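J.: here is my input; please provide its structure:
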Amino acid sequence: QAQLVESGGGLVQAGDSLRLSCAASGHSFGTYAMAWFRQASGKEREFVAAANWRGGSTYLADSVKGRFTISRDSANNMVYLQMNSLKPEDTAVYYCAAARAWLVVDSSDYNYWGQGTQVTVSS
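T.: Residues are numbered from 1 along each chain as shown. Sure, this is the predicted structure:
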C-alpha cells in the first residue's frame with residue numbers, strides 16, 4: 001500500500017528554519033514527481049515546491065523562492081523541504097504528494113498524499 005509520511009513540523013519563531021521530511025513507501029515512486037503543498041486555516045491548498053524524482057529538476061512557488069529548497073534522496077525514498085527565513089504567513093499544514101506527471105502544480109493532478117504536518121510560525 002502506497003504511503004507518504006511527513007515529519008518535522010513544529011512551532012518556530014519568524015526567521016527560524018525547519019526541515020520537513022517525507023518518507024515514501026509501498027509503491028514504486030521512481031518515476032513520480034514529488035511535491036510539497038500547504039494549506040492554511042480557511043484557505044485552499046497551494047503548491048509550494050516539486051522535484052522530479054530522477055531528473056533532479058526542481059520548481060518552487062514564487063512565494064517561497066529564495067527561502068525554501070526541495071530535495072530528494074532517491075535511494076532512501078525520501079523527500080525534504082528545507083524552509084529558511086520562515087514568516088508567519090508560512091503557517092499551514094504541509095503535505096507531501098506524488099504525481100505521475102511533471103511538472104504539475106494543481107493538487108488534483110497528484111495521485112498520492114500524506115497526512116500532513118503542522119508548521120506554525122510566530123511573529
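
J.: Trp102: what's it in contact with?
T.: Ala33, Ala50, Asn52, Gly55, Ser57 (Cβ atoms under 8 Å, 6 or more residues apart in numbering). The C-beta positions use only the backbone N, C-alpha and C, and glycine is treated the same way.

J.: in terms of pLDDT, where does Gly15 sit?
T.: Here the pLDDT value assigned to Gly15 is 98.

J.: next, count neighbours for it.
T.: Look at Gly15: counted by other Cβ atoms under 10 Å, it has 11 neighbours.

J.: how near is the residue lying closest to it once chain neighbours are set aside to Asp106?
T.: The shortest distance from Gly15 to any non-neighbouring residue, by Cβ to Cβ, 6 or more residues apart in numbering, is to Ser85 (6.1 Å). Plainly put, Ser85 is 27 Å away from Asp106 if you go by Cβ to Cβ, to the nearest Å.

J.: for those two, indicate the residue with more neighbours.
T.: Ranked by neighbour count (other Cβ under 10 Å), Ser85 and Asp106 place Ser85 first, with 13 against 9.

J.: A helix includes that one, no?
T.: No: Ser85: not assigned to a helix; according to DSSP: H, G, I helix; E, B strand; the rest coil it is coil.

J.: which ones are touching it?
T.: Contacts of Ser85 by Cβ under 8 Å, 6+ apart are Gly15, Ser17, Arg67.
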